[in-house]
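Attaching a predicted model along with its sequence, questions to come.
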Amino acid sequence: METASLSRPQISLSLSRFCKGRPRIHLDRPAQNPIKLFGFSSKKLVFRRDLRFPASFPIKAKLQIEDDGFVLEDVPHLTDFLPSLHTYPNPLKKSPAYAIVEQDFVNPEDVVSQRVVIRKGSPRGTHFRRAGPREKVYFEPEEVCSCIVTCGGLCPGINTVIREIVCGLNYMYGVTEIMGIKGGYRGFYSSNTIPLSPKSVNDIHKRGGTILGTSRGGHDTTKIVDSIQDRGINQVYIIGGDGTQKGASVIYKEIERRGLKVSVAGIPKTIDNDITVIDKSFGFDTAVEEAQRAINAAHVEAESVDNGLGIVKLMGRYSGFIAMYATLASRDVDCCLIPESPFYLEGEGGLFDFIEKRLKENGHMVVVLAEGAGQELVAQSMRAVDETDASGNQLLHDVGLWLAQNVKDHFTTNRKMTVNLKYVDPTYMIRAIPSNASDNIYCTLLAHGAVHGAMAGYTGFTIGPVNNRHAYIPTLSEIYTPFYVVLKCVTETQNKVGITDRMWARLLASTNQPSFLNYKEHIRGKLNVEYLKMIEDLRGLREGTQPATPSENEFGEDIQKSTDSSPSARG
Ligand SMILES: Nc1ncnc2c1ncn2[C@@H]1O[C@H](COP(=O)(O)OP(=O)(O)OP(=O)(O)O)[C@@H](O)[C@H]1O
Ligand SMILES: O=P(O)(O)OC[C@H]1O[C@](O)(CO)[C@@H](O)[C@@H]1O
Ligand SMILES: [Mg+2]
């Protein structure tokens, strides 16, 4: 790459094969002083004045922008801070299994587009580096000392990812030194490690949970990086959700600050499917499948008695994907309640009203609700106090129990009607099972992608499929650039069900449940102010009087994972 660096701010104008001779801006380092800079937009040239960067820039941004709106959100590489590292030929060339692969190595200039559906003439949008093996690697097999850690809540498939990192490192690259860190981040400084080999992990994919153990809280960056340094670890594989990936990015920053040759690779894990950018998280399909058993049970119970009502609670702290997909798959569900879509109980158009109508029509019904649904209502009626877990996540109130109690009270006291209610809470049973066949394959691809990336010297990245192609995505949690482009990385925002998306519309069409957006005046006083605002905003969206927020960035791209890329909109 030919690079002509400018002195301040340190932005380089690059000409490379990659951008086919077109000028491109490559932001290497932040400016330390107030500066005047410009950003490109598809529509206009934007000037931004007096932008101040903090004295200690949090992380090196690797953002490449072309004048046609092509953006590459690049991942850090060890050579960014250790420029004279040696390279070695990739041992895969000699592997009996992989040597016959036709396109054996990924071209270093291959990228994966975040948007596959674009309009003629619109900006080309955001891209990520394509995952996969590179011709040159930055580690010799005998030099690698790797470790794997699992953090946060459980999810089907964690053991498969562990197994495939171990087997991938060993079978593809001949690495033998692989250790497991026990009990999450705190295990780096408070537990012994366990040695891992293809033999020791051979059967673990058949078990739920994580053989390494997990925890919340306990992220002490200095102690963790001290431990990495003391143990001579040079590849760190971190499996976990949004909190874990934020933790991974600060570990990477500290490693860079100390100038260590250590690759940090993140494998995103969340049963809630709430990580942005990637198509879907591992374990999600398994969870949706397992949820069917609970829904079936609730349905069988409900249809066997008079006025049978089954209530099933599923996971989904802030995002109702499991509930939405499980409902759509089942066809036995009459009403699905998720955190993104507010509801209310009493009055015309409320849930009680709907339950009564459905029971009168069909004699039974099933309600599925995500654990994060209606939290404001529960908090309001129980005057519950806010509590957090060791990682600082808000602890949820049990909306399932609350709803069951309220339904019972309402129908017995107000309506003098007998309702046979069965409440099913399969949440931890779903989370604790091993992954299904398709998730197992998905976990394998993630694990191998992470191994290839670390061997190729990439660091501070998360692996994941973007439009079905695996890519390396920067695990940046905060970033300052002189441009108006706000980088949306895996841990910054949450992937949510778009209730103005087609998939939610499909659900509403299949259950024929109320939208809960048309409450009558007397309900107003019973809902808290924020909840009312949420309903009104959504109503505005539906009626087209409010723009969907956030809509576009300066490049005309959706800045939240939204309709086009979300699995919620496929099909
Ligand atoms: N902002 C942060 N900076 C550093 N470490 C963090 C941060 N947030 C969370 N962590 C650490 O990451 C680990 C896991 O975080 P958390 O309990 O939030 O689970 P998670 O990774 O988000 O997974 P999930 O929510 O899907 O169960 C914990 O050890 C926590 O201390
Ligand atoms: O009870 P725990 O282990 O803290 O985890 C519960 C949370 O973890 C998740 O499974 C994943 O974030 C959420 O759906 C759920 O709210
Ligand atoms: Mg989380």
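Yep, it's here. Ligands and ions are numbered 1, 2, ... in the order given.

could you measure the residue lying farthest from the centre of the chain against ligand 1, distance?
Ranking residues of the chain by C-alpha distance from their mean position (Cα atoms, centre = their mean) puts K416 at the top, at 45.6 Å. To ligand 1, K416 is 43 Å away according to Cβ to the nearest ligand atom, to the nearest Å. C-betas here are computed from N, CA, C, even on glycine.

Repeat that for G184.
5 Å.

for K120, same thing?
The value you get for K120 to ligand 1, if Cβ to the nearest ligand atom is used, is 39 Å.

Pull up the gap between that residue and V466, please.
Using Cβ to Cβ, to the nearest Å, K120 is found at 22 Å from V466.

In terms of neighbours, single out the busier of the two.
V466 (25 against 4; other Cβ atoms under 10 Å).

list the contacts for that one?
Contact partners of V466, counting by Cβ atoms under 8 Å, 6 or more residues apart in numbering, are V112, S113, Q114, F128, V277, I278, D279, I473, S565.

Mind jotting down where the helices sit in the stretch 401-550 of the chain?
For the stretch 401-550 of the chain, the helices defined by DSSP state H, counting those that start in this stretch cover 427-431, 437-455, 502-511, 521-524, 529-543.

So which of these is nearest N420?
helix 502-511 (20.5 Å; Cβ to Cβ).

Could you give me the buried positions within that closest one?
M503, W504, R506, L507, T511 (16 or more other Cβ atoms under 10 Å).

Check the contact between the first one and S510; I expect there is one.
It refers to M503. No. Using Cβ atoms under 8 Å, M503 is not in contact with S510, being 10.7 Å away.

what do these two both touch?
L328.

one step back: out of the contacts of V466, who's the most crowded?
Highest count within those by other Cβ under 10 Å belongs to I473, 28 neighbours.

beta partners of it?
On the basis of DSSP bridges, I473 is bridged to T462.

The residue in the stretch 251-400 of the chain that ligand 1 sits nearest to: what's it in contact with?
Closest contact between the stretch 251-400 of the chain and ligand 1, by Cβ to the nearest ligand atom, is at S391 (3.1 Å). By Cβ under 8 Å, 6+ apart, S391 lies in contact with G152, R216, G217, H219, G243.

Next: F516.
For F516, counting by Cβ under 8 Å, 6+ apart, the contacting residues are S341, P342, F343, Y344, G349, G350, L351, I535.

Any chance of a markdown table for these, columns distance to ligand 3?
Listed next are these as a markdown table, based on distance: Cβ to the ion, whole Å:
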| residue | distance to ligand 3 |
| --- | --- |
| S341 | 21 |
| P342 | 22 |
| F343 | 24 |
| Y344 | 28 |
| G349 | 33 |
| G350 | 31 |
| L351 | 28 |
| I535 | 26 |
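
What about the nearest residue to W504 once chain neighbours are set aside, how many residues nearby?
Take W504 and drop its neighbours on the chain: the residue closest to it by Cβ to Cβ, 6 or more residues apart in numbering is V497, 6.0 Å away. For V497, the neighbour count with other Cβ under 10 Å is 26.

The residue positioned nearest the centre of the chain and E356: what is the separation?
In the chain, the residue lying closest to the centroid (Cα atoms, centre = their mean) is I275, at 1.4 Å. Between I275 and E356 the computed distance is 39 Å (Cβ to Cβ).

shouldn't K182 be in contact with I194?
Yes. Using Cβ under 8 Å, K182 makes contact with I194 at a distance of 6.4 Å.

Now do the shared contacts for the two.
Each of L212 lies in contact with both K182 and I194 under the rule Cβ under 8 Å, 6+ apart.

least reliable of the helices of the stretch 401-550 of the chain going by mean pLDDT?
In terms of average pLDDT, helix 521-524 trails the rest of the helices of the stretch 401-550 of the chain, at a mean of 62.

Would you mind listing what in the stretch 101-250 of the chain touches ligand 1?
151-153, 184-185, 215-219, 240-244, 246-247, 250 (Cβ under 6 Å from any ligand atom).

among those, which are in helices?
Counted as lying in helices by DSSP state H, out of those, are D242, G243, T244, K246, G247, V250.

Nearest to T444 among the residues you listed?
Closest to T444, out of all of these and judged by Cβ to Cβ, is T244, at 20.2 Å.

so what's the closest one closest to, chain neighbours aside?
That would be C151: by Cβ to Cβ, 6+ apart, it lies 4.1 Å from T244.

burial of the one you found, as a residue count?
Around C151 there are 30 residues (other Cβ under 10 Å).

if I pick it, what's in contact with it?
G184, Y185, T214, S215, R216, I238, I239, G240, G241, G243, T244, G247.

Equivalent analysis for F128, please.
L72, E73, V75, V111, V112, Q114, V277, V466, A471, Y472, I473.

of K182 and I194, who's got more company?
Between K182 and I194, K182 has the larger neighbour count (other Cβ under 10 Å), namely 21 against 16.

List the buried residues for stretch 89-96?
Buried residues in stretch 89-96 (16+ other Cβ under 10 Å): N90, P91, L92, S95.
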